[in-house]
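A.B. asks: Return atomic coordinates for the entry below.
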Amino acid sequence: MAVSVLALLTLAACGTESGSGAGSGDSGDGSGAVRTELPVTGVHWNVSSLTVDGRRTTAPADAHVEIDPSGKATGSLGCNRFTADVRVDGDKVTVGSGTTTEMGCQEDVQQFETALGRAFSGELEAAVTGGGEHKELTLTTAEGDSIALTSEPPAPLTGTAWKVTGLVSGKVATSLPAGTENRAHLTFGKGGSVEGGLGCNSFHGKAAVSGSTITFGPLASTRKMCPGPRMELERALLGVLEGKTAYSIGHRSLSLTAESGRGLRATAPAAKD
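C.D. replies: Residues are numbered from 1 along each chain as shown. Here you go, the predicted model:
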């Protein structure tokens, strides 16, 4: 698993350093060709598939990697999360030290992570095709095995169906009450509105966005009665969706925190081709 973490980092290296001769227009190999830095940093890369010995395997839904300009890569192998350092020389990347979590995973996901670890070892060659928000990254081993990744733009605040996945109280995050998963959601409109479901009742109201804050006006909702856990979730969400709240988006995750310290976590559906 440690190998797979470092391997994913490899792709991070692609965009962390300029090749030798950068700025001079010379690739340094005597050909006079211009060396350009591969555009891989600051991009959320979804792992699409892994090909080993000619056999292609589709990646788990959450497998991804993000690379920052300092050469640090973070992401998910499909189940376990990782961080790692990388070094790059032109289109060749060398995996540095890294860490990974050690959760137990479903058998098929674990098999993929193991295969990914074996493929991501030693020196990898990186190639990027496409442009804008629709790029593809291919990492190839010396043996010809490869991993395919595609870029995915961050989810916008407005127009996205955010599914509530957790609650926060101060610095403590908790899961939703049992039996309420997939019941609470919210969508912000471009005109300063918000609507959705609280776990039991549906609601709508005003939500003025300014900088990194959202100010909620009084919400109007239906008045059904539901089983205890759903009403518990509803009361918790109403305590967040009132007055001024701070918000932040991390690609497909949304965090809302009220001045009281109560908050929620929500996720957006994966982008479709």
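
A.B. asks: Tell me the confidence at Ser70?
C.D. replies: Model confidence at Ser70, given as pLDDT, is 80.

A.B. asks: can you tell me how far it sits from Val109?
C.D. replies: 29 Å (C-beta to C-beta, to the nearest Å). Using the backbone N, CA and C atoms, a C-beta is placed for each residue, glycine as well.

A.B. asks: more neighbours, the two?
C.D. replies: Per other C-beta atoms under 10 Å, whichever of Ser70 and Val109 has more neighbours is Val109, with 19 against 9.

A.B. asks: Where does that one sit, in terms of helix or strand?
C.D. replies: helix 107-119 (DSSP states H and E).

A.B. asks: After that helix, which helix or strand is next?
C.D. replies: strand 123-131.

A.B. asks: Restrict that next one to CA atoms and write it as PDB.
C.D. replies: Provided in PDB are the C-alpha atoms of strand 123-131 (Å, rounded to 0.1, in the frame of the first residue of the first chain):
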ATOM      1  CA  GLU A 123      10.400   5.700 -12.900                       C
ATOM      2  CA  LEU A 124       7.200   6.600 -14.700                       C
ATOM      3  CA  GLU A 125       6.600   8.600 -17.900                       C
ATOM      4  CA  ALA A 126       3.800  11.100 -17.900                       C
ATOM      5  CA  ALA A 127       1.800  12.500 -20.900                       C
ATOM      6  CA  VAL A 128      -1.000  15.000 -20.900                       C
ATOM      7  CA  THR A 129      -3.500  15.400 -23.700                       C
ATOM      8  CA  GLY A 130      -6.500  17.800 -24.100                       C
ATOM      9  CA  GLY A 131      -6.800  21.200 -22.600                       C
END
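
A.B. asks: Any buried residues in that strand, and which?
C.D. replies: Burial within strand 123-131, assessed by neighbour count using 16 or more other C-beta atoms under 10 Å, is assigned to Leu124, Glu125, Ala126, Val128.

A.B. asks: do stretch 235-244 as well
C.D. replies: Ala236, Leu237, Leu238, Val240, Leu241, Glu242.

A.B. asks: and what of stretch 91-103?
C.D. replies: For stretch 91-103, burial by neighbour count (16+ other C-beta under 10 Å) applies to Asp91, Val93, Val95, Gly96, Gly98, Thr100.

A.B. asks: do stretch 66-73 as well
C.D. replies: Glu66, Ile67, Gly71, Lys72, Ala73.

A.B. asks: contacts for stretch 139-151?
C.D. replies: By C-beta atoms under 8 Å, 6 or more residues apart in numbering, the residues outside stretch 139-151 that reach it are 10-11, 43-53, 65, 93, 116, 119-127, 130, 133-138.

A.B. asks: Restricted to buried residues, select those in ChimeraX.
C.D. replies: Of the contacts of stretch 139-151, the buried ones go into a single ChimeraX selection, burial set by 16+ other C-beta under 10 Å:
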select :10,11,43,44,45,46,47,48,50,51,52,65,93,116,119,120,121,124,125,126,135,137,138
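
A.B. asks: hmm, back to that, from the buried residues of stretch 235-244, which single one is nearest Pro229?
C.D. replies: Minimum distance to Pro229 across those is 10.6 Å, recorded for Ala236 (C-beta to C-beta).
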